[in-house]
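Student: need a 3D model of the following:
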Amino acid sequence: MRSLSLIILTVFLFGFQEQKELNEKSSAELKTMATKGIYIEFIFKSNKPTFGELFLITGSEDPKFPAQNRQFEKLNNLGFSFIDYAYYGIKNENKIGDGVTIWLFPMKNGNTEYDDYDAPFDSMLMEYTVLSNTEKSSYVVKKVFFAFKDNIDVKIVFEGKEVNDYKIIENRINDIIEVCRTELKVEPGSEEALRLVWGTMPLYKNGNN
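Tutor: Prediction:
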């Protein structure tokens, strides 16, 4: 997991406009996205969740923060865990990279850091790093996308634009995978790919530590 400040600033600097195709990215931009990740924001249009309500996504309930609205129980089959006492993630089966395929960051006033732990959140920011995961892992992105789209009242924003068609995101992931293979000369999820992301970091770091 890396700093989100620049990504979050970029998202808010561009207007949110629904579009059917993404702007073309240069090879250099796609290489950066391969290592830094892609980000999809789910902005709550109504029923902004508190910590206790969002915690239901794990399949459990936090007794210190009882949920009033139970809408996130509909997403508890995705496999999210509460990680680092602040974020949510779906752990990967092979424990590669940081051991997490998808990160989900609660957002408040454009930040992932906030003082009021149980105040309603404005959005959730999902991170997926192509190089850190095998190609087949991208199906998890699709599952989370449709889980939010079909069950939660949200606006979905990708690369500063409102997106309702998952194919747009899928095409971007495929573009990045192609660049990994043809220009970076690595297979996503391989040891070589992980070293490009993590450097000298061990191939697996337990996300709960």
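Student: can we go C-alpha only for contacts and neighbour counts from here?
Tutor: Fine.
Student: which residues in this structure form helices?
Tutor: Ranges of helices within the chain are 5-13, 27-36, 51-54, 139-151, 166-182, 191-198, based on DSSP state H.
Student: next, name the residue at the spatial heart of this structure.
Tutor: The chain has Met126 as the residue nearest its centroid, 1.9 Å off, counting by CA atoms, centre = their mean.
Student: contacting residues for the closest residue to it other than its chain neighbours?
Tutor: The shortest distance from Met126 to any non-neighbouring residue, by CA to CA, 6 or more residues apart in numbering, is to Leu104 (4.5 Å). Leu104 is in contact with Tyr87, Tyr88, Gly89, Met124, Leu125, Met126, Glu127, counting by CA atoms under 8 Å, 6 or more residues apart in numbering.
Student: what's across from the nearest residue to Ile169 once chain neighbours are set aside in the sheet?
Tutor: Sequence neighbours aside, Phe158 is the residue nearest to Ile169 in space, at 7.7 Å (criterion: CA to CA, 6+ apart). On the basis of DSSP bridges, Phe158 is bridged to Ile40, Lys161.
Student: burial of Phe158, as a residue count?
Tutor: Close neighbours of Phe158, defined as other CA atoms under 10 Å, add up to 21.
Student: name the helix or strand of the chain that has the lowest mean pLDDT.
Tutor: helix 5-13 (a mean of 46; mean pLDDT, DSSP states H and E).
Student: narrow the contacts of Leu104 to those that are buried.
Tutor: Among the contacts of Leu104, those buried by neighbour count (16 or more other CA atoms under 10 Å) are Tyr88, Gly89, Met124, Leu125, Met126, Glu127.
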